[in-house]
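>>> Prediction below, plus the sequence it came from.
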Amino acid sequence: MQTRLIGEMSVSAIGLGAMPMSVEGHMPDEEQSIRTIHAALDAGITLIDTADAYTPTEAEVGHNERIVAKALASWGGDKDAVLVATKGGHTRPRGRWAVDGRPEYLKQACDRSLKALGVEAIGLYQHHRPDPAVPYEESIGTLVDLLDAGKIRMAGISNANPAQIRQANEILGGRLVSVQNQYSPSFRSSEPEVDVCEEMGVAFLPWEPLGGMNHVGRLGSRHAAFGQVAAERGVSPQRVCLAWELARSPVVIPIPGSSRPATILDSLAAADLRLTDDELARLD
């Protein structure tokens, strides 16, 4: 199955989620972050996911977007072949996570992201999280305005339930291309959203596909079957995990975060790991 996102661009099976590079407590130096992005691009990754809220402090909104822009500017490859996805609608007051889905805020956030990324139009702009204080149709209607204004080329949503996915696609006139929800061996409750995305031909981008920054190193011990299959195959549990997610549906494009070249290269190798039916049954 070809998703609308893949139909628009030749998107790699694995993307690079840039979040761990710019969150308080998980922020390596800028040079290492850029090396990691360059390694991902050199290896064939064509999707980079970021957000204005991936920042160590409220005063540095757009920090991760600016790192992505610097990495692309200094990379010698074909920049036009890379899709940069970002998000708006989360805020970081005093280091906390909050939401703001007001149309006026989302338009302001989009303009700020355009500046941070140094582009005339954002490849994929995603509404980060529903705001209970704002009607969902108003937030998604802002994506329509941004598309029509040429400020974004494609529109997506994040942290949405099946009804919201269908509603967003209807408001967007069938132009919804992606849904980004949490999904991993530790978080399986987005299964219905994966099914809806497959039905609609919309890309599903699992965030924290390896279980999150604080648990990724213990994935094989927390989920014994993944550790066992990894040992049998002679690969990392993380690679097995991403291969399992890729096997879940043809619309799934995992976006593991990474702060070192070695880890993103290991993640990318999951695209070539074909798990058997028996292995998938064990992992499920």
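Nice, I can see it.
>>> The chain: strands as residue ranges?
16-17, 47-49, 83-88, 90-91, 98-99, 122-127, 152-158, 176-180, 203-204 (DSSP state E).
>>> quick one: strands adjacent to the longest one?
Sheet pairing for strand 152-158, assigned by DSSP bridges, gives strand 122-127 (parallel), strand 176-180 (parallel).
>>> can you check the third one too?
Strand partners for strand 83-88, identified by DSSP bridges, are recorded as strand 47-49 (parallel), strand 122-127 (parallel).
>>> Off-centre distance for it?
8 Å (Cα atoms, centre = their mean, to the nearest Å).
>>> export the lengthiest helix in the chain as CSV, just CAs?
Longest helix in the chain, counting residues (DSSP state H): helix 103-117. Only the C-alpha atoms of helix 103-117 are listed here, as CSV (Å, rounded to 0.1, in the frame of the first residue of the first chain):
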residue,chain,number,x,y,z
PRO,A,103,-5.7,29.2,15.4
GLU,A,104,-3.9,32.4,16.1
TYR,A,105,-1.2,30.6,18.1
LEU,A,106,-0.8,27.8,15.5
LYS,A,107,-0.3,30.4,12.8
GLN,A,108,2.3,32.2,14.9
ALA,A,109,4.0,28.9,15.7
CYS,A,110,4.1,28.0,12.0
ASP,A,111,5.7,31.3,11.1
ARG,A,112,8.3,30.8,13.9
SER,A,113,9.1,27.3,12.5
LEU,A,114,9.5,28.6,9.0
LYS,A,115,12.1,31.0,10.3
ALA,A,116,13.8,28.4,12.5
LEU,A,117,14.1,26.0,9.6
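>>> begin at 675 from here
Understood, numbering begins at 675; the last thing we discussed is helix 777-791.
>>> can you pull the contacts of Ala717?
Contact analysis of Ala717 by Cβ atoms under 8 Å, 6 or more residues apart in numbering lists Ile938, Leu939, Leu942. C-betas here are computed from N, CA, C, even on glycine.
>>> Mind listing what's buried along stretch 751-760?
Val756, Leu757, Val758, Ala759, Thr760 (16 or more other Cβ atoms under 10 Å).
>>> same deal with stretch 857-864?
Tyr857, Ser858, Pro859, Ser864.
>>> Identify the farthest-apart pair in the residues you listed.
Greatest spatial distance in these: Pro859 and Ser864, 12.2 Å, computed using Cβ to Cβ.
>>> Test my guess that Glu732 contacts Arg768.
Yes - the pair formed by Glu732 and Arg768 meets the contact definition of Cβ atoms under 8 Å, at 6.5 Å.
>>> quick one on the thing from earlier: so can I have JSON lines of the contacts of Ala717 showing neighbour count?
Shown next, in JSON lines, are those (neighbours: other Cβ atoms under 10 Å):
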{"residue": "Ile938", "neighbour count": "24"}
{"residue": "Leu939", "neighbour count": "16"}
{"residue": "Leu942", "neighbour count": "23"}
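>>> Could you tell me which of the residues you listed are located in helices?
Counting by DSSP H, the contacts of Ala717 contribute Ile938, Leu939, Leu942 to helices.
>>> quick one: the first one from Ala834, how far?
Counting by Cβ to Cβ, to the nearest Å, the separation of Ile938 from Ala834 is 27 Å.
>>> related to what we said a few turns ago, which one of the strands paired with strand 757-762 lies nearest to Val909?
So among those, strand 721-723 is nearest, using Cβ to Cβ, at 22.3 Å.
>>> avg pLDDT for the closest one?
Strand 721-723 shows a mean pLDDT of 96.
>>> quick one: contacts of it?
With Cβ under 8 Å, 6+ apart as the criterion, strand 721-723 contacts 685-686, 689-693, 711, 714, 742, 756-760, 854, 879, 881, 927, 929.
>>> With pLDDT added, can I get the buried residues of stretch 751-760 in CSV?
Listed next are these as CSV, based on pLDDT from 0 to 100:
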residue, pLDDT
Val756, 96
Leu757, 97
Val758, 97
Ala759, 97
Thr760, 97
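>>> with these in mind, which one is nearest to Asn738?
Thr760 (8.7 Å).
>>> Spit out the contact partners of that closest one.
Asp723, Thr724, Ala725, Asp726, Glu739, Ser787, Leu791, Ile796, Leu798, Tyr799, Gln800.
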